[in-house]
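Q: can't give you the sequence, but here's the structure:
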């Protein structure tokens with residue numbers, strides 16, 4: 001196995017590739033540089049690491065960054081694209097960029113890329129008992145990668161107990177899950193729950209299957225009938 005070589009940056013220092021409309025390229029570029037300089041400890045070096053489409057090196061830098069640049073927010077990358085490569089690459093870690101500013105009056109929250117979903121939930125709950133942000137159930141996922149997915153996602157959950165053939169479904173899942181298409185993920189969580197009437201409760205095992213599909217409901221149903229029909 002090839003060893004992976006990379007460098008990590010706990011702070012944001014990266015070549016930014018900015019695209020603007022031709023009509024306002026120069027003006028927008030200067031405004032962006034000015035804004036960035038106000039939030040930088042070394043404003044003199046900013047212009048040296050910013051490449052717009054007007055720069056002769058823009059295309060080569062863009063192509064290089066696609067091949068050799070990785071970003072990591074929460075680390076929940078099932079495909080490993082944020083931390084694995086067959087060639088040397090730079091890894092930009094957003095772990096220390098986790099500021100969260102919740103504005104209850106305007107119902108807006110500004111969240112940096114390194115913050116996790118759980119931290120966002122917590123900060124919102126600190127400020128308000130009536131406001132919330134609907135998102136995932138895995139609280140350790142970083143918002144940077146999670147929020148920027150930009151695709152149609154269909155989510156489903158199926159819960160089964162031992163009496164509902166949970167054992168057989170888990171056994172089947174082990175042979176099916178890793179063979180499913182890349183646009184669907186099915187995870188299972190096994191837990192102990194109480195069942196029965198009050199005074200006659202008994203411990204039972206429960207299997208919760210949760211799935212995420214990059215597509216619509218109709219395609220998902222067709223896929224599940226084909227590859228995992230017993231999970232209904």
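A: Cool, the structure landed. The model shown is predicted, which means the values in this text are computed figures rather than measured ones. Numbering: from 1, shown residues only.
Q: where does this structure dip in pLDDT?
A: Applying pLDDT under 70 to the chain flags the ranges 1-29, 43-47, 65-67, 74-83, 148-151, 195-203.
Q: Which residue ranges of it form helices?
A: 25-38, 46-49, 58-68, 117-127, 143-147, 166-176, 217-227 (DSSP state H).
Q: Mean neighbour count, the ones you listed: which tops it?
A: Highest mean neighbour count among these (mean count of other C-beta atoms under 10 Å): helix 143-147, with a mean of 19. Where C-beta positions appear, they are placed from N, C-alpha and C, glycine not excepted.
Q: Off-centre distance for that one?
A: From the chain centre to the centre of helix 143-147 is a distance of 4 Å (C-alpha atoms, centre = their mean, to the nearest Å).
Q: list the helices and strands that helix packs on?
A: Contact here means 3 or more C-beta pairs under 8 Å, 6 or more residues apart in numbering; DSSP states H and E; on that basis helix 143-147 packs against helix 117-127.
Q: Can you pull the phi/psi pair for residue 129?
A: phi -100, psi 0 (degrees, to the nearest 10).
Q: before we move on, back to that, would a markdown table of the helices of the chain with distance to residue 136 be doable?
A: Listed next are these as a markdown table, based on distance: least, C-beta to C-beta, whole Å:
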| stretch | distance to residue 136 |
| --- | --- |
| helix 25-38 | 31 |
| helix 46-49 | 33 |
| helix 58-68 | 27 |
| helix 117-127 | 6 |
| helix 143-147 | 6 |
| helix 166-176 | 20 |
| helix 217-227 | 18 |
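Q: Out of those, which gets nearest to residue 205?
A: Of all the helices of the chain, helix 166-176 sits nearest to residue 205, with 6.5 Å by C-beta to C-beta.
Q: returning to that earlier point: and residue 186, which of the helices of the chain is closest to it?
A: With C-beta to C-beta as the measure, helix 166-176 is the member of those nearest residue 186 (6.9 Å).
Q: If you count contacts, what does that closest one end up packed against?
A: Short answer (3+ C-beta pairs under 8 Å, 6+ apart): helix 166-176 packs on strand 184-195, strand 202-214.
Q: okay, the ones you listed, which one's buried deepest?
A: Of all the helices and strands packed on helix 166-176, strand 202-214 carries the top mean neighbour count, a mean of 16, counting by mean count of other C-beta under 10 Å.
Q: what lines up beside that strand in the sheet?
A: strand 153-161 (antiparallel), strand 184-195 (antiparallel) (DSSP bridges).
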